[in-house]
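K.L.:
got a structure for you, letters missing:
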């Protein structure tokens, strides 16, 4: 299978100028590859660098050295570490989707609209998009009366459902998910897992962070274990 | 930022504004390293200098900084409210981006302001004429774009007011009788009257009550999504930047100290000053 | 008693000294060359106060020669007090022939009206103008109005017409309706009624507008297009005088004065006195009449 992602010698540290120039190391010479259609699970203790690695891929964090080459459908291989802001914005619209650990709440927008939004870029009409959003929220078990409510007041689990729905509704080609099942009950966990596996059959590639064994076992093809910002183990599940 | 990139809407290089008598070293002896905008030799004020960026269609660029950072000056230069001291600015919607718009004649600048740009000021009195009705203010932009049919002007004005949630039956009242938030919304309808590809927003919600601020920002975000307008949003408030923008530039003492994706600026600020700003978020 | 000859005053021909006349003539040439553009001129002192027709006199006395036949009207009338006084003054200063007959005059000075009779290429008409700046009502600063004219930035003018229509259902400007001259400058035709405005366009005569107090000259040369400002759906129209007949002559289709006879009744008389005389004598001269456009329905 062709490669979807190549991470080469990525190192990242934080330099906190206003806290006495403290340096905090996050990642140290991380390298790995992913194939298209693969689900890669990132594991490791809290603070081992999993979320940081994911954010480096999504370009929320800037790496200090190394390359992160994503094979895109529209423009071939792109080194995300060196891409211009404009390129990254474009890629975030069509190529690369991110579901963070906590829903970054867009205030005063109803749950349905938040979930429907990525479909607008795929050319769906507003009504079609909302219909699909409702459908997905239903499958994820979000109570109907919350669909038109603002997620700022939802519980953790409810917010996570909205978060996941938004990330997968537009059938992304490359997906980064951080703890997608953390606040969910077993039934919903399996719904989420099934949805992501369905994406995989359509050719999507997924990088997954989870501490939940059940999710890890059901979803990932390979695991990458991080310790103190370094790759300690790479194994097939 | 690659000079061979195409597809940009606005390309700004070395935009500079110096008040007073500039000597060739004014730019060298001012800036964030010196913590000052004032040239030590001539007392000239370097409001902004060495400003370089590209803006693409549909993008929202935030410009954040504290007082004296030059952020308002930057948009004033781009909107021709002030004359730049130096720099090249190219606008793809005009001449395919071949002309430096800072060197255009007054008439052509006015043409650009009417057709290709919109501006919303912090103070509604700067953007609206309180001697005219709300509809009249919008009509001004439409008239200058060559629409001389009163019926169609009123139709378009009603449509825009409705879109910005200003009651249409107040179209013939002067904005002096409106609340602050409604005045801002009239400004917004005026600014987008001719469907410009580029919109400037200069501290548009500073000074408004928080609930009103929220409404105005929601409206701006909604319009941006619907119309796909490129925007440059100036604010001292990072929360506004976070809500509206894709990319951000941080200004200090008239220079850009950091520029990047908004989420990166907020979560992984590199520069010391940016880190200070981010940590000051309430 | 002063008898020495050197203390006796004599007046220059036409009262104004030759240097000043030269200046005014040069400015007039410039004004003719740029139709509708306000040219500043050095407005000399006259034996009447500013605001009483000094501008008109400046232009007339710079243009007049011994062979001219001079006519002066005040709101259409040759016989009003001011018209009479100014006529006597001009006659004393120039020795010209004066007349009440529009057709006979070569130089006509007027306040707030253009004669009904069609003027020819041989005639010059000088209008007295109180406020030459058409944008003054929307912009009070002179440097800004000059910039607006220079850049043809007439947005505020148009918006004020729009506002008038929105507020009153019509553009309310009665006298001094703003016009666009030769497709470029917006000009005020002085406070003439709307009735006279279409008569300025493509006329064979030269129109000179002179504001003595504001010190500005502007011109509409012969055969120049003068278009009143109007919207596509709100068109310019003149006063109608429907079913109104002149009480003195029985004629119609001229601009009428409304005269109160008693507390309850009124009559109408033609305003242009020379024209009225000719109608009464049965020798009504040809006019250019304007037909109002059919009123178009507009969305309100």
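P.N.:
All right, it came through fine. Remember, it's a predicted structure, so these values are computed and weren't measured experimentally. Numbering: from 1, shown residues only, chains lettered A, B, ... in the order given.
K.L.:
Am I right that residue A:98 is in a helix?
P.N.:
No - under DSSP: H, G, I helix; E, B strand; the rest coil, residue A:98 sits outside any helix and is assigned strand.
K.L.:
wait, it sits on residue A:59?
P.N.:
No - with contacts counted by C-beta atoms under 8 Å, residue A:98 stays clear of residue A:59, the gap being 9.6 Å. To be clear about C-beta, it is placed using only N, CA and C from the backbone, and glycine gets the same treatment.
K.L.:
Overlap in contacts, the two.
P.N.:
Residues within reach of residue A:98 and of residue A:59 at once, by C-beta atoms under 8 Å, 6 or more residues apart in numbering or on different chains, are residue A:92.
K.L.:
Of the two, which one has the most company?
P.N.:
The residue with more neighbours, out of residue A:98 and residue A:59, is residue A:59; 25 against 22, by other C-beta atoms under 10 Å in any protein chain shown.
K.L.:
list the contacts for the more buried one?
P.N.:
Applying C-beta under 8 Å, 6+ apart, we find residue A:59 in contact with A:80, A:83, A:88, A:92, B:261, B:264.
K.L.:
Residue A:89 versus that one, what's the distance?
P.N.:
9 Å (C-beta to C-beta, to the nearest Å).
K.L.:
Next, show the common contact partners of those two.
P.N.:
Joint contacts of residue A:59 and residue A:89 (C-beta under 8 Å, 6+ apart) are residue B:261.
K.L.:
which regions of the chain sit below the pLDDT cut-off?
P.N.:
The chain I'm using is chain A. Along chain A, the parts satisfying pLDDT under 70 run over A:237.
K.L.:
Oops, wrong one, chain B.
P.N.:
Scanning chain B for pLDDT under 70 picks out B:1-4, B:282.
K.L.:
What's the biggest helix in it, counting residues?
P.N.:
When chain B is parsed with DSSP state H, its longest helix is helix B:210-227.
K.L.:
In that helix, which residues are buried?
P.N.:
Buried residues in helix B:210-227, counted by 16 or more other C-beta atoms under 10 Å in any protein chain shown: B:212-221, B:223-224.
K.L.:
who does whichever strand or helix holds residue A:175 touch, helix- and strand-wise?
P.N.:
Counting by DSSP states H and E, the element that carries residue A:175 is strand A:174-178. On a contact count with 3 or more C-beta pairs under 8 Å, 6 or more residues apart in numbering or on different chains; DSSP states H and E, strand A:174-178 meets helix A:50-58, strand A:96-99, helix A:156-168, helix A:186-201, strand A:205-209.
K.L.:
now those as a markdown table including distance to chain B?
P.N.:
Shown next, in a markdown table, are the helices and strands packed on strand A:174-178 (distance: least, C-beta to the nearest C-beta, whole Å):
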| stretch | distance to chain B |
| --- | --- |
| helix A:50-58 | 7 |
| strand A:96-99 | 10 |
| helix A:156-168 | 15 |
| helix A:186-201 | 23 |
| strand A:205-209 | 16 |
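K.L.:
Show the contacting residues for the closest residue to residue B:241 other than its chain neighbours.
P.N.:
Counting by C-beta to C-beta, 6 or more residues apart in numbering or on different chains, residue B:241 lies nearest to residue B:62, which is 3.9 Å off, once chain neighbours are set aside. Residue B:62 makes contacts with B:233-235, B:240-241, B:244-245, B:247-249, B:262, as judged by C-beta under 8 Å, 6+ apart.
K.L.:
Would you mind giving the secondary structure of residue B:62?
P.N.:
strand.
K.L.:
and it, how far is that from residue B:232?
P.N.:
Distance from residue B:62 to residue B:232, by C-beta to C-beta: 8 Å.
K.L.:
picking that back up, identify the residues contacting the strand holding residue A:175?
P.N.:
Strand A:174-178 is contacted by residues A:4-5, A:50-51, A:54, A:57-58, A:70, A:95-101, A:164, A:167-168, A:196, A:199, A:204-209 when judged by C-beta under 8 Å, 6+ apart.
K.L.:
between that strand and helix A:50-58, what angle do the directions make?
P.N.:
Angle, strand A:174-178 to helix A:50-58, by axes from the mean of the first three to the mean of the last three C-alpha atoms, to 10 degrees: 150 degrees.
K.L.:
Mind giving me the ChimeraX command for buried ones among the contacts of residue B:62?
P.N.:
Filtering these down to the buried ones (16+ other C-beta under 10 Å) takes a single ChimeraX command:
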select /B:233,234,235,240,241,244,245,247,248,249,262
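K.L.:
measure residue B:30 to residue C:275 for me?
P.N.:
74 Å.
K.L.:
hmm, I was thinking of residue B:24
P.N.:
Taken as C-beta to C-beta, the span from residue B:24 to residue C:275 is 74 Å.
K.L.:
Could you do residue C:47 as well?
P.N.:
As judged by C-beta to C-beta, residue C:47 and residue C:275 stand 31 Å apart.
K.L.:
likewise residue C:246?
P.N.:
Using C-beta to C-beta, residue C:246 is found at 10 Å from residue C:275.
K.L.:
ok, now residue C:145?
P.N.:
On the measure of C-beta to C-beta, residue C:145 and residue C:275 end up 36 Å apart.
K.L.:
So for those two, which residue has more residues nearby?
P.N.:
Legend: neighbour count by other C-beta under 10 Å for residue C:145 and residue C:275, higher for residue C:275 (22 against 18).
K.L.:
The nearest residue to that one once chain neighbours are set aside: helix or strand, and which one exactly?
P.N.:
Using C-beta to C-beta, 6+ apart and skipping residues adjacent in sequence, the residue nearest residue C:275 is residue C:116, 4.3 Å away. For residue C:116, there is no enclosing helix or strand under DSSP H and E.
K.L.:
so where do the strands sit in the stretch 51-200 of chain C?
P.N.:
Using DSSP state E, counting those that start in this stretch, the strands of the stretch 51-200 of chain C run over C:69-74, C:97-98, C:107-111, C:124-128, C:179-181, C:185-187.
K.L.:
I appreciate the help and will end here.
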